[in-house]
Structures are given as structure tokens and as C-alpha cells.
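> quick one, fold the following:
(2 chains)
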Amino acid sequence: MAQRLRRLGVRGGGEGGAAQSLANRPESPPVCRRGDERALAARLGAEVVCPGVLRLVREQALHVLHGHARLEPEPDPVALLLPDAPLDPARWVAIDTETSGLAGGTGTWAFAVGVGRWRGGRIELVQVLLTRLDAEAAFLRCMMEELADAELLLSYNGKGFDLPLLAARLRLSRLADGGLPRLAHLDLLHPVRRAFARRWSDCRLASVEGRLLGLRRQGDLPGAEAPAAWLDWLRLGNGRRLGAVLAHNRVDLLSVMALPAALQRVYRSPTRFDADAGRIARWHLARSDVVAALEVLQPIDALEPAARHLLARLHARAGGWGAAVSIWQTMAQSGDPEAHEALAKHFEHRVGDPTRALQHAHRLPPGEGRERRILRLLAKSRRRC
Amino acid sequence: MSAIPNEARAQPEPVRASITGAPPEQDRLRRLLDGLKRKYQPRITGELAMSAQPARYAPLPETLHPRLRDALAARGLTRLYAHQRAAWDRVQAGEHLVVATPTASGKTLCYNLPVLDAVLTRRAKALYLFPTKALAQDQVAELSELNQALTAVADAGADQRGGNEAGELGTLGIKAFTFDGDTPGDARKAVRTRGDIVLSNPDMLHQAILPHHTKWAQFFESLTFVVVDELHGYRGVFGSHVANVFRRLLRICRFYGASPRFIFASATIANPAELAGRLVCAPVGAITDSGAPRGERHLLLWNPPVIDPDLGIRASARSQTTRIARAATRQGLKNIVFARSRLMVEVITKYLKDVFDRDPRRPPRVLAYRGGYLPSERRSGERALRARRVDCVVSTSALELGVDIGALDVAVLNGYPGTIAATWQRLGRAGRRNRPCLGVLVATSDPLDQYMVRHPEFFLGASPEHARIHPDQLLILMDHVRCAAFELPFRDGEGFGDCAESLPEMLSYLRDEGLLQHGGDAGVGQWFWVADSYPANAVSLRSVAEGNFVVIETTGGRQTIIAEVDYSGAPGTVYEGAIYMVQSQPYQVERLDWTGRKAFVTKTRADYYTDAIDYTKLLAEFDRQRAAGRADVHQQPDTGAAAAHGEVHLVRHYPGYKKIRYYSHDNIGYGNIDLPDQEMHTTSVWWQLHPRVLERAIAATFGSRERLVEGFLGAAYALHNVAALRAMAEIADLGRAVGDGQGSWFAVVGADGRGQLRGPDNRPLEATAADGHFQPTLFLYDNYPGGVGLSAPLFDAAPALVGDALGLVRGCDCDAGCPACVGPILPGDEGRVRSPKRLALAVLGLLDGAPVGAPTPVAGADVHAAAGRSGRPS
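Presented below is the predicted three-dimensional model:
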């Protein structure tokens, strides 16, 4: 059979296609060696909960800084980012999984789940590691116990990735989802994207750490290598890199826990952090919080044109025409067509000064709208004369 | 397709002809038929008349959900055709079922009735699969009409029933959603969790639903029916893939504790129950006896007249087709013309419009319909047809599928569609209840067409072909074992449908490739997927292995994908310099990115097209196969002719291409093709003659090895064509080759029209130089990597095939050979004593077991006598 398959050129690979052809195939089939789970547990400082499932507990004192960020649980930032969030930090749980890949579908495993929570004056990090493929159900049950008292999940991209994946794994093991998908969930990727998607080249957690938490990881195992580390264990019984994977996961958890407070500072004064004040203001507006929106749109000099227009509109809507006109005029001086249009409208309809309106209309970009406006204003000013 | 409105019309109609005073269609059709037969008798090679059949009715089932009954009544349907009732009864009895009745016999209701009833009474869920997105969308439109009727009934009855008693469905109706590539991301969740009936296609099931089955858990848990329409299309490579997708589907269903019943609907094929049974690995009952009424039917087989007897050239089929369509349209008969290519649709449409649509102020009477048109354009065409505003529609096979266009009076087929089943399906577009109809099959000069019209008894007497699939084709099977392992771990001892290959060996192979890992204790272990890939993305249901090429237009700096080319077709069609045509617009290939599977083209106005030159080396390793017992052999001990079946290895090389001017077909230049050789392992049937016989035959009949090889080439041409007929395959699904099977020489028809021997490097070789072992072998191989099961049945029918080929060549009207029998010949060859036709007949005769030197009767033979001679007992 194997010969026939090889003659036909059957490849193992999925999308790899021609690139990962036979050349990549190991010369001799890998001999599967089951690693010594107890030795691994001892080395990692973990307990063997049951065959195939290791559980690892670490603690972190609150006064130790994470980068330059503090780790105290703070209800205000959480309430700011997720208004209906349950506010008892003892019931908040940060969650992050390590997976066998990113391909999606039922073939992707979560092999480690890390859970972080505040326990009095310290942080407790619990990690569950799957060391045998046939122990997944026990692994997931163990994870669900860790989440049993959670009222709020904190994560980074957990809504889009970790939780759907866990839901799929629970289904495959015929386990109930324990209400996990319906739990209140603050996925910090979303507020980060809102603030920085148009400013940073990417919004990966590592980037956030560097820019907002002042954290530089030392000797960290890149997340992309986690699948290979786990496969080494499964295939060769080599668990050397698993410790690094778990360490990486713990840093992820701490970053998730430190992020709300850091983001609150960003959301209070976005321009100080070079964040997208316009989008943050619109987010406040969507929640009918005009005051908060006005607060973030300052100082004007630091705002980009779209944010300035938003600010001008907010002023105008509140009757603050002087403030609005002054913003438009500043922008019009630098040739902003939208500002000219706003001023043309303002002088035509509100002030009733077609001549001044015409000055601005002439500065509009060519087009049907411009011609119509100019003709109308000319007629109006003639009538007035 | 819209079964319900059709059913509503199915009630006996009053005869209105006498009231309006217009001549009834009966008379007009009779007039057309008589006229054609009177004027063109010599062109009509066969005729068939089938008498009318009255409708057979049965009452609606007693147990039908009352609201469904009311909704049907509201649409004028108070009874069923007998086959619809039979389908209901057998589905209620728990059978898997296939309904294979003619076009427009109300197949849709056969599955909608039990499904809707189950949704209403049991909150069952159903998955409908159609081969194309458009058909699924048609069906949703139909279901939503019926759904409105249901909701209306519910509103009217709400007072009497009072409150919530009717349940949620009473107010919400039945939710039918399409799920395809166009379904927006945010709507997908609603489809998964709230759809009662999800309408999709096999490709989506394969790539989007099964690999994400946990998201569909609710749906699978209640899945009660899987409806598969257009079953007859699930054959060959596509059918083999889909059979494996169903193996996966059934695994997933078992995981969720569901065991859905399958209901198939099919056009007429020989083996609907067998095909459906192979697709679901379970017995499937068949309903083939339609209770729908049918009018009288007439069928004519039409061969265009010979205009150059020397070269065997006939008038074009196109000219005959337009003539018949014109006559039908003039008679006021609604007619459809089926053409085999999109280009031909446009040409025939133009010719007919030139006659009937010259006045642009009047609504058009002639309409073209084909793939490649925008969906909106197609829909409006369908509406015009249903409303009978159009007199003549010209279409490709696009209208062969169950698109609702109402029924017509006349169907003209411009060329044999390739299979008997497809022929009947296209002819079935004509034929209204209680009205007579006419079908005309116009032959082109292709060998298949010529064989058909010259052997009317073959066509008229034959049952439609068997649709064959080969789900255990190793490449296809491995693709789906991989996908299945991704979806759910295989358990030790688990099977994969009725797969005959060793699953543990395949899984071990995948483990060795690093995709799987075996875990758990021996005997109760499982094979877990551990790779970071999504295997379904790499598997296309419409081809074997390898990726398709995309054709990208770069005219004007922008990059637009304009077409897709199969991997196997790519080296011969999108090499650098090739002219590639889309909707008759020529493009030139500027650059081919072989590894990236991309061909970059620009628009051109070239006055030529290009034709790739390729040659194929074929290695059969006869001895090794014989030793391994892998080749099967039929030997005729008396005559020294033998047929065998086994594995072959092909190497195809493309040295260059020819530039050919339009219309004149002059060869105006050559270009080089620089591509890697294409290699393929596949299965083949082959024929050989014993060396002793060869020597005697060369002396007695052929005169030289070259002429013998030429005879083999002609015989291969004829066999290739009749084999495609037997295998229900397209010509391109099979390949042919003549060589020694050892790679030391192979034969081609040279530029001088004579057979030539070529060495391994494609250099011409003296036949005498091929010394020692000289054993020409004629191969017909399965033109897909690994084979898709086409060649084994050919081997079983090998003697009959040779008989068919003899019949084809003998019965051909040409003198020396022509494209309709042994392949094109050069004008100078007519006068040769040993004409290509004679040589091919001699080789076929030897393969057929005739003694060396037996006479080879050739031309002038009348069709029936020739057919009689070829009718060997098989």
C-alpha cells in the first residue's frame, strides 16, 4: 500500500502542495516514543491529575511590575471597556490557550489552557497540559473545573479563537459547554484594534506588550513554535520545549490581566498614546456618551482631520457654532475640502452670507455638486444686490 | 423544477383549440414531421415513435400534516401522480430512495412532500444537495412559495386552533436557507442553527460543513433527510469524490446519533439504484415508473448529406440544425436547440436571429442560454421561457439540468451529447402533457456521432449508460481519508464506508507522513490528527489531485481571473505563447508560473489559434506485472490476439506548438514549449498480437512494419471512440497510445500522414531498427492519475469493443479513411492501395481473431449489413 501510494505521489500535506513534497518526508517513519509523563511533571513542577493531564500552579505577587505595568485588579477600566461586566475581581478569569495550529476546523487541538485569577493579594496562574491525545476529555473536564466559578472572562482574541476552539473540542469529547460561550467576556483585542489598528503595523499581543506595558520578553519561545514543541513530545517523547511554552503562556496571561488598566489610560487621553481618538470618540458616541467623546478629542492639534471634523460636528450639534467654525477655518486654511464645504453650508444657510459662502464654494473640488452650489450662491448674491 | 405550479396545471386541461380556432399543436407538429420526412428522407437514418401515456393518479396520503395538505390545496393540488405517492409510501417505510423518472414528471414533490411533512410534524432537519449554486437557489425560491402558502394557511387557521397549539412553526413557517460560497459570514450562524432545510452543494459540504461539523452540531443531531438532486451527474471523478464525501457525512451523522434517509432524484440512467447505493453504502430502492402523463413522442436520427464523398466530408451539423429549428419556429412550435459548445450556441443563435429577430422593435423570438452569462441574465431568460414569450432557445448542457423553463414542442440536438442518458435528458426538454413532441439528433462528423446515426439500432435499442464511480480510486480515497481523519479520529477497527482498501495501512501511511498519531491502548486506540493544516482546502471534488491553474488577464495593468484550467489540461492549453479563448475572445499567454499555478494572459487579435504538440511514452512493465499477477489477460490461443489490463506509467512531453490560421486552417508557424514532462501512473487495457502472427501478417497484408503500425494507429483511433461510448465517458477521459510498452519506441501519425516510429527521445526511428523485439501494443488508458475505474470495464468488454470498432470503420461511407472512423487522412492517401482505412481494418480484424490474410471488406457496405457483421457474440 505505502509503495502504491508513493508511486502515485500521494503526499501527506494539506495546503503545502508541491512545496512540501516527498522531499520533506522523513526517510524512515518516525518511531513513536511515549515520553515519561511523571518525569515531565517533575521537571515542570506540575502534578499528574490523571494519565495524560498535568496541572501546574504558579503564583505572582501583585507588587511585582509586569513590564512597567501594575497588576492590581481594577474594576473601573473593566467597566469602561465592558459596561455590563460583573465587578467582583475574584470572579474574573483570564484565559489563554496554546494550540496545535491555526488552521481551524475540528483538526486543531488546544493542548494547554492557562487560567489566571486574582486571589486576595496575589495572582494565581493555573495551567492544564494535555500530554496524551486520548486523555482530552479528562483534560477538558479539568479545565472546566478551573473555570467553574468564573463570571467574566478576560482574553486576547478569545472570542474569535480560543472559545470557539474550546467549544469544538468539548463537542468532540461529547462534553457540555458549561455555559462558556454565554459568559461575559472582555476580549481585549477589540479595544486595542479600535485604538491602534490604523496606527500599528499589527495588533499582536507581543506588540501591545512592547508599546503599552513596556514589556520585552526575554528568551521567550515564539508562539508559532508551540505546536512543534507539543508534537516533539507526542512523537518523540521530547518535552524539553514544553516548559518554555508554558512560560510563554503565563506571560500572555499576565499581559491580559495588566491590559485593562493600561487601556483605560489610552482611552482617557488617546492622543497622548498616539491612539485613534476619532474611533474611540465614535465608540463613546455609539454608547450615547457625548461627554466622554468630547473629552477624548483633545488637544485639537494632535487630532487627524477626520477626528477634527467629528469634534466640529459635535460642537455644532450642541450649538457651539463658534468652536465648530474655528476648527473648520483652521482646516480650510490648509485646504481641507470638507472644511470648505462645511463653511460654505454654514455661511449660506446659517449666517445667510452668500458672498462668504461663495469664497468657500470656489475652493471645493470640481464636480457637479460644486457647480450647482456656486450657481445657486451666485443667484442668491445677485438677488441680494 | 417548480413542481407545485406544474402539478397545479397537471389537472386535465380542456381542449381549447377548437375555441380559439388556431391549429392545435398536434397538427402543426404532424405537419413539421411529415414535411421533414418527405423532403429529407435520405438524411433520416432512424426513427422512433412512442405513443402517448395517460396520467396515473393516487390520493394524497391520509397521514399528511393537515397544514401541508391545506397549503397544497391552496395551490390547486389535491392528488398526486402514482410515482409521487409511491415515493411517499416508501420513504415513510424508512427506505433510502431514488426517483428516476423523466424530465418534468414532478420529481421535486417526491422529496419535498416527506421532508416538509417531517419538518412540520417532527421538527426534522434536511440537507438538500444540488450540483450547482443556481439550482439550490431555484429550489429555495420554490420552497419559499410553498412556505408562504403554509404561513397563509396557518394565519387563517390560527383562530380556530387558538393560541400556541400549532407550535412555533405555525407562526414562523419553515426556514429554508441556501448555504454556499455567497452566504455572508454573519448569516452563516443563522443558517446553521435555525435552518430547517439547508440547501447547499457537495463542495460546500466537503470544504465548509464537515470540517466544521461541531458548529453544525444542532443541525446534525436532527438531520433526518439528505436530498440529492441530479444524481445522474454524480459519476466519474466527481461521483467518486462525492461518494467519499458521503462516507464522511455518514461518519459525522453517526457521531451525532443521526441516521438520515437519503432521497435521490435522477434523470434516466441505467443504474440509478446501484449508483445511489454505492454513494451511501446501503441498499436504495428505486422508483422509475412515472405516473405523469406524456404526449406522443417522435425521434429522428439525422445525418447531414455527404458533400465530398472522396474525403468523406459531410455538410455541417450546424446547417442542418438551423434548418430544422427554422422550420419548427415557422410552424409556431416552441423549440430548443442544444449545442455542444458555448461558441456554437452563439453561432446558431446568430443564424436564427438573422432570420427571426431582424426587427429590433419587436421582442426577440430567439434566445441564447449558456454558462458564462450573468445569473440575472439567465434568470430573465428562464422567465421569458416559462412565460412562453420566446419561440426558440439555443443552449449548452446548462439547460440539461433541472432549470425550470416549462415544456417545449421540439428539441434539436446539434451533435450527439456523448451519452445516451444525456441525449434522452436533452430530448426530454420537449414534451408537454397530452401534446405530441419531436426530437431530432443531428450528427456531426465526429466518430461517435457517425457511429450513432449509422447504427440506429444501437441508439434506439440501447438502455442508457451505467453511471460508474470508483470511490476506492487510491488518490481520491486518500484525499478523503485524510479529510475524515481531520474531522473525527478513526478508531481501531473502524471502517470507511464500504471501502475495500486497508484503512489501517492508509492511516499508518498518514502517520508516517506526520499527519496522524496513534494513541490509546492497542485495539481501542484512535488515530488523531496532529498536523496544522486543513486538508479539505487542498482537495477539489471536480478533479484528481494537483491544483488547478488560474488564467489571469493582465491587460491594462490590472489582474483579473478570467478562467480556470485543470492541472492535466494546463500543459496543453496555457503554455507560453498559447492562444487561450474565453467566450471566443482570444488571449495570449505571456507567462506561465508553473509552481504558482498561474497563467498570465493579455487580449490579442491574433488571426490564428494554437495547438500543442505532445507525445507520450508509455511503460507497461508487462513482465513485472505478469510476475506480480497484477495484469489480467484474455488470450485467444488460436489466433494469437490478446487483450490485457494492468498498470501503466506515462510520460508526456510537450516539445512545441503549431499556429493555425482561422478558416483556412493553414499551419503558419511553430513555437517551443518549455515545460517539465508530465508523469502519470494509471490503469490501461491493451491489445497485442503474437509475434508469429505479426510476421505472417506483415508478409501477407501490410508489406512493412510501418504500414502495420499505421494500421494500429487507425485501429486505436476507432477503438478510442467506441470505448468512450461504452464507458459513458468523454473522449478526453481516455487516452490512447501505440508503442512497445517498454519505452523503446512509440508510434505517431507524422506530418506526411503516415505512421512513424519514434525513439525514446522522439527522434524518428527506422522500423527495421527496432530490432529483436517488435511487438506493437495498442493502449487505451484511463486519463486520470491512478485511474478512475474506466479501463477495467473496457477490459471486460474488450471483444465487444473490437467488434464495435470494426463496425464503425466498415460502416463508414468514406473510401480510404476519414475523421469519422480511423482519423483524418491526407488528400493524396485516397489512392493508396493500402489505405489507412484498410490497414486499420486489417489490424482490427486480427485483434478480433480473424485469420491472417482474411479479406477486409471496406466501403460501399450498407449500414445495416455492416452492423450485422460487427455484431459478434460477446
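> make it CA atoms for all contacts and neighbour counts henceforth
OK.
> how about the helices in the stretch 751-874 of chain B?
Taking DSSP state H, counting those that start in this stretch as the criterion, the stretch 751-874 of chain B carries its helices at B:791-796, B:798-810, B:836-847, B:863-870.
> need these in a markdown table (columns: distance to B:Val440 and mean pLDDT).
Output for the helices of the stretch 751-874 of chain B, formatted as a markdown table (distance: least, Cα to Cα, whole Å; pLDDT from 0 to 100):
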| stretch | distance to B:Val440 | mean pLDDT |
| --- | --- | --- |
| helix B:791-796 | 30 | 84 |
| helix B:798-810 | 22 | 90 |
| helix B:836-847 | 30 | 91 |
| helix B:863-870 | 20 | 34 |
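> so which of the ones you listed is nearest chain A?
With Cα to the nearest Cα as the criterion, chain A lies closest to helix B:791-796 of the helices of the stretch 751-874 of chain B, at 17.2 Å.
> for the closest one, buried residues please.
B:791-792, B:794-796 (16 or more other Cα atoms under 10 Å in any protein chain shown).
> centre of the chain to the stretch of helix or strand B:Asp186 belongs to, how far?
Applying DSSP states H and E as the criterion places B:Asp186 in helix B:185-194. With Cα atoms, centre = their mean, to the nearest Å as the basis, helix B:185-194 stands 33 Å off its chain's centre.
> repeat that for stretch A:154-165.
Computed by Cα atoms, centre = their mean, the chain-centroid distance of stretch A:154-165 equals 9 Å.
> show me what the mean pLDDT comes to for it.
Stretch A:154-165 carries an average pLDDT of 95.
> burial of residue 369, as a residue count?
All of this refers to chain A. Neighbours of A:Gly369 under the rule other Cα atoms under 10 Å in any protein chain shown: 11.
> let's do chain B instead
Neighbours of B:Tyr369 (other Cα under 10 Å): 23.
> next, the contact list for residue 259, please.
Let's take chain A. The contact partners of A:Leu259, by Cα atoms under 8 Å, 6 or more residues apart in numbering or on different chains, come to A:188, A:213.
> looking at chain B here, not the other one
Listed by Cα under 8 Å, 6+ apart, the contact partners of B:Ser259 are B:223-224, B:250, B:253.
> wait, which of the residues you listed is closest to chain A?
Using Cα to the nearest Cα, the contacts of B:Ser259 come closest to chain A at B:Cys253, 12.8 Å.
> was I right to think the closest one contacts B:Ser222?
No. Look at B:Cys253 against B:Ser222 with Cα atoms under 8 Å: they stay out of range, at 9.5 Å.
> sorry, back to before: dump the contacts of B:Ser259 to a markdown table, plus distance to B:Cys483, neighbour count and secondary structure.
Shown next, in a markdown table, are the contacts of B:Ser259 (distance: Cα to Cα, whole Å; neighbours: other Cα atoms under 10 Å in any protein chain shown; DSSP: H, G, I helix; E, B strand; the rest coil):
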| residue | distance to B:Cys483 | neighbour count | secondary structure |
| --- | --- | --- | --- |
| B:Leu223 | 21 | 23 | strand |
| B:Thr224 | 24 | 23 | strand |
| B:Leu250 | 13 | 19 | helix |
| B:Cys253 | 15 | 21 | helix |
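> need the strands for chain A, in chain order.
For chain A, the strands defined by DSSP state E cover A:47-50, A:53-61, A:92-99, A:110-119, A:122-130, A:152-155, A:184-187.
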